[in-house]
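Asker: What follows is a predicted structure for the sequence shown.
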Amino acid sequence: MAGKEDEYDYLFKVVLIGDSGVGKSNLLSRFTRNEFNLESKSTIGVEFATKSIQTEGKTIKAQIWDTAGQERYRAITSAYYRGAVGALLVYDISKHVTFENVERWLKELRDHAEANIVVMLIGNKSDLRHLRTVTHEEAMEFAKKHNLAFLETSALDASGVDSAFQRILTEIYRLMSRKTIAANTATGPDLSRGETIALSSARDDASNRSKSSCAGSCK
């Protein structure tokens, strides 16, 4: 029997990117399992987890991919940007170099992901405000320059984590809804263009599940 986790209206793939050690894995575990591990080790390659949320009367299932921040894995993980409709670009507020590298990560994202991907800048480890090296104003200025949403979070004390994921998933849903309405108003959806790759309804997903190759990630 299908459990509640299988009951959803839309499935969105979101990637977490940023330097190693900024807290991407703990953001993922805090949001999906409400867990935090001080001894968390660097991600090898790619890991993912799922969680469903409610937004505007719809059930959105988020499939969140945690990509390794180390240089030697970047050739492997670049392929995982495909199909992503959202990205959390994470830096550590107590390590300015991780903020300096945000622009490089953003460029890589733009090179590999869909042009209309929704991106949010995340200043993680806000609990380390006494060690802050990246000001809120500096990050806001960067976000405004690159047209990104911005929020500070702490995977340790959970502040801002749910808000960040809720906000980006809601924005993705609104964007996809506008695109679907516009396409239907014009000549109908153009399936050959691949623009609706991650906007699958629960009905469509059920009918195509036997042909899907989600590697077991759509459970």
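Answerer: Happy to help now that I have it. Numbers count the residues shown, from 1 in each chain.

Asker: C-alpha from now on. contacts and neighbour counts both.
Answerer: Fine.

Asker: Tell me which residues of stretch 124-140 come out buried.
Answerer: The neighbour-count check on stretch 124-140 (16 or more other CA atoms under 10 Å) flags 124-127, 132, 134, 139-140 as buried.

Asker: which two in those are spaced the farthest apart?
Answerer: Farthest-apart pair in the buried residues of stretch 124-140 is Asp127 and Met140; separation 18.3 Å (CA to CA).

Asker: Which element, helix or strand, includes the closest residue to Glu35 other than its chain neighbours?
Answerer: Counting by CA to CA, 6 or more residues apart in numbering, Glu35 lies nearest to Ser29, which is 5.4 Å off, once chain neighbours are set aside. Using DSSP states H and E, Ser29 sits within helix 24-33.

Asker: Sheet partners, orientation included, of the helix or strand following that helix?
Answerer: Using DSSP H and E, the next helix or strand after helix 24-33 towards the C-terminus is strand 46-55. Strand 46-55 sits in its sheet next to strand 58-67 (antiparallel), going by DSSP bridges.

Asker: In the strand it pairs with, which residues are buried?
Answerer: Of the residues in strand 58-67, 59-67 count as buried by neighbour count, 16+ other CA under 10 Å.

Asker: rewinding a little: run through who's touching the helix holding Ser29.
Answerer: By CA atoms under 8 Å, 6 or more residues apart in numbering, the residues outside helix 24-33 that reach it are 16-18, 35-37, 40, 43, 49-51, 64, 66, 90, 154-156, 158, 161-162, 165.

Asker: Stretch 151-168 now?
Answerer: By CA under 8 Å, 6+ apart, stretch 151-168 touches 23, 26-27, 30-31, 36, 53, 55, 86, 118-127.

Asker: one step back: quick check: angle from the helix holding Ser29 to strand 46-55?
Answerer: 40 degrees (axes from the mean of the first three to the mean of the last three CA atoms, to 10 degrees).

Asker: So for helix 24-33, what gets flagged as buried?
Answerer: For helix 24-33, by 16+ other CA under 10 Å, it's 24-32.
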